[in-house]
Each structure stands twice: as structure tokens, then as C-alpha cells.
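1. Structure of the sequence below:
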Amino acid sequence: MNLIKHCIVFIFISLLFIPKINAQNFHVGGVFPTIDHSGTISNKLDYSLYYFAAFPLFNLNKPNIKNNSHFLLFYSEQALSYNISSKFSITASYVFQRENVVYNNYVNENRFYVQTKYKHSIKKTNLVHRFRFDGRFIHNRYTNETPFTHRLRYLIGFDTPINEKLYLTAYEEAFFNTFKNTNSIYGENWAYVALGKKLNPNNKIEAGALYITWNTGIKSWFNQYYFQLTWLSYIDFRKNN
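-> Here you go, the predicted structure:
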């Protein structure tokens, strides 16, 4: 029953942010391989490395893998976190992202972020709240300019055990543009739900559904539906001291 309750709450929160489907929206489906590595340096310092690639394979309105499949995104993130307590941390990171990765119309973005994260538990369920500020430098290849923009992001997520090896995890994240002359304040949304398996104390895998939507204009959204497969690994360097 607890799993059902968590799923209902997650779906309800997601529906508050997911835009309505209409004819002006574009819908694609694909795969989203991800590597999520983290480690503990000391009682106060952690690091993390996060990499993913997004491959839309077909237009959901007119499925055709041969014509629609492409390499949309490559993302790399390197972060360092300071643990104020067991529940609260602050993080700084450098991110490189490339859109339309192997094509002539590629777009490079260099980004930094600072964030706070608060974790707590209700019985066996772990909850997380994350606030992030993104500072973005997106290069315009046509004007050769790299303007600075920024946004705020809020994520709420959870994981809860099913048995000793399996667990359910999900999150919902909303993105809000904060720079002047933005086309829209609410610019992006990510929602994720997956089944995870603990392989050993240092490695896990997750498989599930990821929904991403980008605001591309007035009442126009680019909706992406992915099967996400994630390898999660962890190292505690304190054990080697």
C-alpha cells in the first residue's frame, strides 16, 4: 500500500507541472543511458559525476526510426558537496552540455550551478528536496555570442524499498527562468519513475520512464518520453585511510 500511495502522490505532483497535450506540441520517444557515480572523500566532503545521452528514436505521431532517430543531448556534470549535517548539504558544480551532438546545428553550453539539498526519512522511505541555481553560458554559433542566462530549479523525490534488493524511486523537477526578457518563466520539467536493484554495496541499476518537456514558444512544448537505464556506483575513500 505504501508503494501505491507514493506513486499516486508522484503522479499528482507531476500532473500539476506537465503541460496539456495539443496540436502545437511535438512528441518523441527514445532511450536515455545514464551514469551516476558518487563518492565520499571525508565526513564533510562528497563528490559526484553524472553523465547522460538522449537519443530520440521516433516521432510519436508518425513513428519512423530510420528518419527520426538522432543524438539530441550529451551532458557531463562534475560536482563537489559539503555536508553541513547528515540531512543538509550544499553543492557546486561545472556542467558541459551539447545539443544536436553530431550535427552542424550543434549548440554548446557551459554551466555552473549551486544547490542545497535536504534529505529526511518517513519510516522506510527516503525523501529529498533540492533547490538549484543554474548559471548558463549558451554559445550562439550564428552571432558568435555567449549570453549569460539563469534559472531556478526545484526537485522533490523519494526512494522506498520493496525488498532487500529492489526499490522504487521517483522525482519531479520544475525549471523556472529568472533572467530578463525570457519567453516564459516556466521553461522546463522532468519527471522520473523507476525500479532499482542493488547489485552489491557499491553498485545499483535503475530502469524506468523519464519524461522531459521544454517550452519552445507560446503554448508550444517539446515533449520527450524516454526509457532510462542508469548505472549507479559509489566509493567511500574513508575506508582506505
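
2. for Asn126, helix, strand, or coil?
-> strand (DSSP: H, G, I helix; E, B strand; the rest coil).

3. isn't it right up against Lys117?
-> No - using Cβ atoms under 8 Å, Asn126 makes no contact with Lys117, being 12.0 Å away. C-beta: built from backbone N, CA, C; applies to glycine.

4. In contact with the nearest residue to Leu199 once chain neighbours are set aside, which residues?
-> Among residues not flanking Leu199 along the chain, Ile205 sits closest, at 6.5 Å (Cβ to Cβ, 6 or more residues apart in numbering). By Cβ atoms under 8 Å, 6 or more residues apart in numbering, the residues touching Ile205 are 196-197, 199, 229-232.

5. Show me which of those are buried.
-> With burial judged by 16 or more other Cβ atoms under 10 Å, the buried subset of the contacts of Ile205 is 196, 230, 232.

6. of those, closest to Val101?
-> Nearest to Val101 among the buried ones among the contacts of Ile205 is Thr230, at 19.4 Å by Cβ to Cβ.

7. ok, then the element right after the lowest-mean-pLDDT helix or strand in the chain?
-> Here the helix or strand of the chain ranked lowest by mean pLDDT, DSSP states H and E is helix 2-17, holding a mean of 52. Counting by DSSP states H and E, the next helix or strand C-terminal to helix 2-17 is strand 26-40.

8. Pull out the buried residues from that following strand.
-> So for strand 26-40, counting by 16+ other Cβ under 10 Å, buried means 27-30, 32, 34, 36, 38-40.

9. which residues are in contact with stretch 132-150?
-> 105-115, 151-155, 177-179, 182.
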